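Enquirer: Need a 3D model of the sequence below.
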Amino acid sequence: MCFRPADASAGPMKCPECGKPIQMIGGMKLEKCPFCKADFTEYLNGNKPVPGAPGAPAAPGAPAAPGAPAAPKAPGQ
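Expert: The predicted structure is shown next:
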């Protein structure tokens with residue numbers, strides 16, 4: 001049976017600075033991009049947002065009040 005780390009199945013990630021694909025190796029934490037030498041510590045600490053990453057979902061709004069029933073029509077003759 002072949003063991004493959006969970007992060008390896010996600011495929012290559014992209015550098016937030018240069019955009020080149022970086023293959024993550026299980027058990028190793030990259031601190032710099034091997035291509036542009038960008039420092040990843042600000043991204044890993046959460047101090048700098050990763051471009052293109054989905055943000056937190058917006059909070060749902062308050063539910064609307066139910067509509068009042070319409071007044072009955074006058075009987076027609």
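
Enquirer: Next, name the residue at the spatial heart of this protein.
Expert: residue 54 (2.7 Å; C-alpha atoms, centre = their mean).

Enquirer: what pLDDT does it get?
Expert: Listed pLDDT for residue 54 reads 72.

Enquirer: Then residue 10?
Expert: Predicted confidence (pLDDT) for residue 10: 55.

Enquirer: for residue 5, same thing?
Expert: Note on residue 5: pLDDT of 53.

Enquirer: which stretches of the chain form strands?
Expert: Here the chain has its strands, by DSSP state E, at 13-14, 21-22.

Enquirer: mean confidence score for the first one?
Expert: Across strand 13-14, the average pLDDT comes to 84.

Enquirer: Tell me how far residue 38 lies from residue 30.
Expert: Distance from residue 38 to residue 30, counting by C-beta to C-beta, to the nearest Å: 10 Å. Every C-beta, even on glycine, is put in place using the N, C-alpha and C of the backbone.
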